[in-house]
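Enquirer: give me the fold of what follows.
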Amino acid sequence: MKKTKLNVGLTILLIVVILATVGAYHYFFVYKAPDAVSSRKLQETNEAYDYLMAQSKVGLASYDYVVLINPSHGGDDTGATLVTDEGRLNESDVALVIAQYVRTLNDDSSIGILLTRNTDTNPTFEQRNSFITDLKPDMVIDLHVSEDTHDSSVMGVRTYYRSDFYRYDLTNEELADIIERNVALSEGGVALGLCDIVGMEDSSEYDFIKDVKVPCVALSCGYISNSLEAEALTDSAYQKSIAQGILNAIREICYE
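Expert: Here you go, the predicted structure:
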């Protein structure tokens, strides 16, 4: 009788070991395999894009002005990154939070604030640009955070634009100037000025604003390579002040 119980116990143990081995294999070599992970992330990004695009079109005709904000990077593409003892600061996270604050702080029903992503996903360049094609915004703002690997004392906001597109009622340079001024005033920080990406040696970081046929700029909200500014960029009150500055600029453009 004891031998029978022992055999049953060993059989159960063997089954548990086999199931655990199969489960571990499936988790590490199937579920966590690079191809499987990439496939799931692609599906997640596509689903998020489809949902956001559909939501953005709801009530689109009711707005007098439509502003498209592109939080740069996302997902595995974190952009500029700072790792400290307190944690990790990613450009993609800061850009997304500020973009979301611009939308939530907006209480003007005549102005539609739309985003190219609302989650930590990384839509393709084509998907992000389809928001411009399909939604036809009045202006486009590309959000970034910068870093200076040579000089950690550099801090402040800087706005990039392209001078090879001109619209008589609002040029890219005028849009950049209004945003730079309002954001610096709202956050109480340093305005580093405007930068024309035409002729820049490397402007790949701002590819999103190239060839856009509406007024558009890329705003760098600060430098994570500066310890003081990096700390500020993690503070919700500071993030809201940047968002409020962007919103103030939008209102100035729309109504003045």
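Enquirer: for the residue nearest to Ala249 when sequence neighbours are not counted, give me phi and psi.
Expert: Distance criterion CB to CB, 6 or more residues apart in numbering; nearest residue to Ala249, sequence neighbours excluded, is Asn182 at 3.9 Å. In short, each C-beta sits where N, CA and C put it, glycine included. When read as degrees, to the nearest 10, the backbone of Asn182 gives phi -70, psi -40.
Enquirer: and if you look at Val145?
Expert: The phi/psi pair for Val145 (degrees, to the nearest 10) is phi -130, psi 140.
Enquirer: residues touching it, list them.
Expert: Contacts for Val145 (CB atoms under 8 Å, 6 or more residues apart in numbering) come out as 79-80, 91, 94-95, 220-224, 233.
Enquirer: export these to TSV and tack on neighbour count?
Expert: Output for the contacts of Val145, formatted as TSV (neighbours: other CB atoms under 10 Å):
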residue	neighbour count
Gly79	20
Ala80	24
Glu91	26
Val94	26
Ala95	26
Ser220	26
Cys221	28
Gly222	29
Tyr223	27
Ile224	25
Leu233	23
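Enquirer: in strands only, show me those residues.
Expert: Per DSSP state E, strands hold the following members of those: 220-223.
Enquirer: average model confidence for stretch 219-239?
Expert: Taken as a whole, stretch 219-239 has a mean pLDDT of 96.
Enquirer: ok, residues contacting that stretch?
Expert: For stretch 219-239, using CB under 8 Å, 6+ apart, the contacting residues are 80-82, 84, 89, 91, 94-95, 97-98, 101, 141-149, 151-160, 179-180, 183, 187, 189, 242, 246.
Enquirer: and stretch 60-67, by the same measure?
Expert: 109-114, 135-141, 250, 254.
Enquirer: of the residues you listed, buried ones?
Expert: Buried subset of the contacts of stretch 60-67 (neighbour count, 16 or more other CB atoms under 10 Å): 111-114, 135, 137-141, 250.
Enquirer: can you tell me which two in those are farthest apart?
Expert: Greatest spatial distance among these (CB to CB): Leu135 and Ile250, at 15.5 Å.
Enquirer: and which of the buried ones among the contacts of stretch 60-67 is nearest to Ile69?
Expert: Ile141 (5.0 Å).
Enquirer: you'd agree the closest one is in a strand?
Expert: Yes - under DSSP: H, G, I helix; E, B strand; the rest coil, Ile141 sits within a strand.
Enquirer: that one contacts Ile246, doesn't it?
Expert: Yes - with contact defined as CB atoms under 8 Å, Ile141 counts as touching Ile246 (6.6 Å).
Enquirer: what is in contact with those two at once?
Expert: 69, 179, 219.
Enquirer: can you put those residues in JSON lines and add distance to Thr121?
Expert: As requested, the shared contacts of Ile141 and Ile246 are exported to JSON lines (distance: CB to CB, whole Å):
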{"residue": "Ile69", "distance to Thr121": "15"}
{"residue": "Ile179", "distance to Thr121": "25"}
{"residue": "Leu219", "distance to Thr121": "21"}
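Enquirer: which parts of the chain are helices?
Expert: Per DSSP state H, the chain carries helices over the ranges 2-26, 34-57, 91-105, 125-135, 172-187, 227-232, 236-255.
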